[in-house]
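# Provided below are the primary sequence and the corresponding predicted coordinates.
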Amino acid sequence: MRISNEKINEIARANDIVDVISQYVRVKKAGKNFIALCPFHPDKNPSMNISQSKQVYHCFSCKAGGNVYTFVQNYEKISFMDAVIKLAERAGIELKQSEYAPDLNNEITKLFEINKLAAKFYFDNLIKLQGEEKDFVYEYLDKRKLKKNTIVTFGIGYAPKGWNNLHSYFIDNGLFTEKDLVKAGLLREKENNRYYDTFRGRIIFPIFNESGKPVAFGARKIYDDDEIAGKYINSPETPVYQKRQVLYGLNFAADDIRRKNEVIIVEGYMDLISLHQSGINNVVASSGTAFTIEQVKLLARYTNNITLLFDADAAGVKAAKSGMLLVLEEDLNLNIVTLPEGEDPDSVISIKGVEGFKKFLEDKKSLIEFITLLYSKDNKLSKPEDKALFVKEVISYISHIPDAIKRAFYIQDIARKYNLYESELHEELGKIIRQNKKESFPKSSVVIPQNEKTAENKKSGKIPAEEMELIEIFLSADEDSITYLENNLEINFIESKVIKEIVEIFLDELINSGEINPGMILNKMPSEEAKTIVREKSFSKYSISEYDSFDKHNLLYTPRKDTTDYRQHSRDLIKKFKIKNINKIIEEKRRSKTGLNEIVKLRQMILEIQNSKE
Ligand SMILES: [Zn+2]
């Protein structure tokens, strides 16, 4: 690590954990803490607790948790160092170049660095093009109406013709080996250790991750003699690029999606870019795959309102249908916009202008309207048997909506529109739902967290209650109570190894900085178990039960005061420890049958402790 601990603490202090998490998920106040739907497991009721005073978060369901750095790291899937850099930027704290030279021993950091340099290489190539090659490439870009600042914003570049342009660029700068570049998907390996460039003679679209780092590339064919058939080829999957989890353009669109509370999903890079050029920014495209459930989940963090934009040709409709199912299954609001057959956003905009395009957007179709349209287009809604088929198809979509109330509304809608009995539709729906369950079981790839009790028993079943209480006091009590513990606690009072480790770190921290700051101290914890304990105990029993009652009886809710008397509690706890310790000594003497005459004295000591007024 090259950034000093002081700096890391300074940056953490400048980034309040509640503010930072609020940027990613909706956070609401509950008592003295904050709660949110946990983004790290499928969460229906808010199980993530965030403590502003302690600067930690903890999910009581999946046990994810940590400090502000952990959150950013896990949410953005970036390294610790990148989280530090990101939060430093957020707070306007300057890091000297030497303070954040990338750690190239880390594989992930290395891949990010390679992709960054490669993006720069392709971009520079486009800018520096000369002669005929330049004329040809720029003619293509003009034809696609790409504006200069769009090229800069999206980092669009050019992979020159030839087998080893990128290869020699990287090998000359000496930072990376050919194996590294193969791993990043930029070089291919021939037999006997010979390498060649993956992308040759193509327009390059860097694919950015959520936090705006290039992680892969899409390459568009422009030459007729290109021996690779595909109009687009993409980087292979790497540890920083999992196709199913990346949405092209999300880094540019995120703010706008939140602001408009809607996202428009389009089919390709160019669709997205031409919409951006027209000032429509809440747009993403799936890159190199059909739309996936992972991508839907990703979007669900930003908005509930998903609009699919598709070409009305057969392939477009097919893609729209599979996309629809995914959106419905995640219980999001779905709308569909279709463009006339053979048109894409780019062509519509050039014919009808931005305003004309916006009219298409306003003419959103609900699920039922969209399917009605498909049927009526094929003239399939006149005969009763066709109508029956139509209703069955709509119902089969509705069956994928998890929310029963929403399903009921859809059913009501169809019943009214087509003059049918709701009860019959419900019967049909029930049949399909039962059918789906049979077919799709087991379906979810999500690991369901162990229920809390078994997880608890496994990990900390052996930790005595008073040792857990000790941690709670260290984390929640006033200065006087903590000082009392500091002065009276002996480390050999503690039986559990993990609690001993935690307390030692606490005592260290008290000596060095005079206070225990859970958010900062988490990084120093020696094990996952220790971290989990500190996080859980950061939310005192009081604040959790308060949240429960808040949730269950929210009309009756009145905030309670934290009435725990830590002063007395800390004294009692030390007494308990002392007595327990003496009892242990007595036990030992009995077993070894030595010093039996001291037992009376020891018993006397216990009595004195019990009666002492502290
Ligand atoms: Zn969770």
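Perfect, I can see it now.
# Which stretches in the stretch 301-450 of the chain count as strands?
Using DSSP state E, counting those that start in this stretch, the strands of the stretch 301-450 of the chain run over 305-311, 333-339.
# out of those, deepest packed?
strand 305-311 (a mean of 23; mean count of other Cβ atoms under 10 Å). Any C-beta I mention is one placed from the backbone N, CA and C, and that applies to glycine too.
# So which elements touch it?
On a contact count with 3 or more Cβ pairs under 8 Å, 6 or more residues apart in numbering; DSSP states H and E, strand 305-311 meets strand 263-266, helix 314-329, strand 333-339, helix 345-362.
# change it to 10 Å
strand 263-266, helix 269-277, strand 283-286, helix 293-300, helix 314-329, strand 333-339, helix 345-362 (3 or more Cβ pairs under 10 Å, 6 or more residues apart in numbering; DSSP states H and E).
# So which of the ones you listed is nearest the ion?
Among those, helix 293-300 comes nearest to the ion, with 13.5 Å by Cβ to the ion.
# Could you state which residue of this protein sits nearest its centroid?
By Cα atoms, centre = their mean, the chain has its centre lying nearest to Tyr75, at 3.7 Å.
# Report the contact partners of that residue.
For Tyr75, the contacting residues are 20-21, 23-25, 39-40, 64, 83, 210-211, 301, by Cβ atoms under 10 Å, 6 or more residues apart in numbering.
# ok, and which of these reach the ion?
The subset of these lying close to the ion, counting by Cβ under 5 Å from the ion, consists of 40, 64.
# With neighbour count as extra columns, can I get the contacts of Tyr75 in TSV?
Listed next are these as TSV, based on neighbours: other Cβ atoms under 10 Å:
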residue	neighbour count
Val20	23
Ile21	21
Gln23	13
Tyr24	17
Val25	18
Pro39	20
Phe40	16
Ala64	22
Ala83	23
Glu210	19
Ser211	17
Arg301	16
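# Tell me the spacing between the residue nearest to the centre of the chain and the ion.
Per Cβ to the ion, to the nearest Å, Tyr75 is found 12 Å from the ion.
# Flag every buried residue along the helix or strand containing that residue.
According to DSSP states H and E, Tyr75 maps onto helix 68-76. Across helix 68-76, burial judged by 16 or more other Cβ atoms under 10 Å covers 68-73, 75-76.
# Output the below-cut-off pLDDT ranges for the stretch 51-200 of the chain.
Residue ranges of the stretch 51-200 of the chain with pLDDT under 70: 97-102.
# Next: the chain.
Under the criterion pLDDT under 70, the flagged ranges of the chain are 1-2, 97-102, 287-288, 438-461, 540-564, 614.
# how about the residues of it near the ion?
Contact residues, the chain versus the ion (Cβ under 5 Å from the ion): 38, 40-41, 59, 61-62, 64.
# List just the nearest of those residues to Ile411.
His41 (31.0 Å; Cβ to Cβ).
# I'd like the distance between the closest one and Met525.
As judged by Cβ to Cβ, to the nearest Å, His41 and Met525 stand 22 Å apart.
# what does Glu132 give?
Distance, Glu132 to Met525, by Cβ to Cβ: 62 Å.
# Could you do Ile499 as well?
In terms of Cβ to Cβ, Ile499 sits 12 Å off from Met525.
# list residues touching both of the two?
Counting by Cβ under 10 Å, 6+ apart, the contacts common to Ile499 and Met525 are Ile533.
# neighbours around Leu111, how many?
22 (other Cβ atoms under 10 Å).
# oh sorry, the question was meant for Glu294
Neighbourhood size, Glu294 [other Cβ under 10 Å]: 17.
# which residues touch it?
By Cβ under 10 Å, 6+ apart, the contact set of Glu294 is 242-247, 326, 445.
# most neighbours, which of these?
Highest neighbour count within these, by other Cβ under 10 Å: Leu247, with 27 neighbours.
# Quick check: phi and psi at it.
Main-chain torsions, Leu247, degrees, to the nearest 10: phi -120, psi 130.
# That one - nearest residue in space that isn't next to it in sequence?
Nearest residue to Leu247 in three dimensions, chain neighbours excluded: Val284, at 4.2 Å (Cβ to Cβ, 6 or more residues apart in numbering).
# is it true that the one you found touches Ile273?
No: with contact defined as Cβ atoms under 10 Å, Val284 does not count as touching Ile273 (11.8 Å).
# before we move on, back to that, Lys580: which of the contacts of Tyr75 is nearest?
Nearest to Lys580 among those is Ala64, at 34.1 Å by Cβ to Cβ.
# just checking, what packs against the longest helix along the chain?
Assignment by DSSP state H gives helix 566-592 as the longest helix of the chain. Judged by 3+ Cβ pairs under 10 Å, 6+ apart, helix 566-592 is in contact with helix 465-476, helix 479-488, helix 598-611.
# the inter-axis angle of that helix versus helix 465-476?
Between the axes of helix 566-592 and helix 465-476, defined by axes from the mean of the first three to the mean of the last three Cα atoms, to 10 degrees, the angle is 150 degrees.
# Mind listing what's buried along helix 566-592?
Under the neighbour-count criterion of 16+ other Cβ under 10 Å, helix 566-592 has 566, 569-571, 573-578, 582, 586, 589 buried.
# ok so, going back, quick one: which of the contacts of Tyr75 sit in helices?
Residues of the contacts of Tyr75 located in helices (DSSP H): 20-21, 83.
# so which of those comes closest to the ion?
Using Cβ to the ion, the ones in helices among the contacts of Tyr75 come closest to the ion at Ile21, 12.7 Å.
# and that closest one, what is it in contact with?
For Ile21, the contacting residues are 27, 34, 36, 39, 48, 50, 57, 68, 71-72, 75, by Cβ under 10 Å, 6+ apart.
# Out of the residues you listed, flag the one nearest to the ion.
Nearest to the ion among the contacts of Ile21 is Met48, at 5.9 Å by Cβ to the ion.
# my guess is the closest one contacts Ile17, does it?
No: contact criterion Cβ under 10 Å: Met48 and Ile17 do not qualify, at 11.3 Å.
# Residues that sit against both of the two, list them.
Residues touching both Met48 and Ile17 (Cβ under 10 Å, 6+ apart): 27, 34, 57, 71.
# Out of the residues you listed, grab the one that's most surrounded.
Within the shared contacts of Met48 and Ile17, most neighbours by other Cβ under 10 Å means Tyr57, with 30 neighbours.
# where do the helices sit along the stretch 101-250 of the chain?
Along the stretch 101-250 of the chain, counting by DSSP state H, counting those that start in this stretch, helices occupy 107-127, 131-143, 148-153, 165-173, 178-183, 250-260.
# With distance to Asn305 added, can I get the ones you listed in CSV?
CSV is the format used below for these (distance: least, Cβ to Cβ, whole Å):
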stretch, distance to Asn305
helix 107-127, 32
helix 131-143, 33
helix 148-153, 25
helix 165-173, 41
helix 178-183, 39
helix 250-260, 8
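# Any idea which of these gets closest to Ile494?
Across the helices of the stretch 101-250 of the chain, Ile494 has its closest neighbour in helix 107-127 (37.5 Å, Cβ to Cβ).
# Against which helices or strands is the closest one packed?
Using 3+ Cβ pairs under 10 Å, 6+ apart: helix 107-127 touches helix 80-91, helix 131-143, helix 148-153, strand 157-159, helix 165-173, helix 178-183, strand 202-208, strand 214-221.
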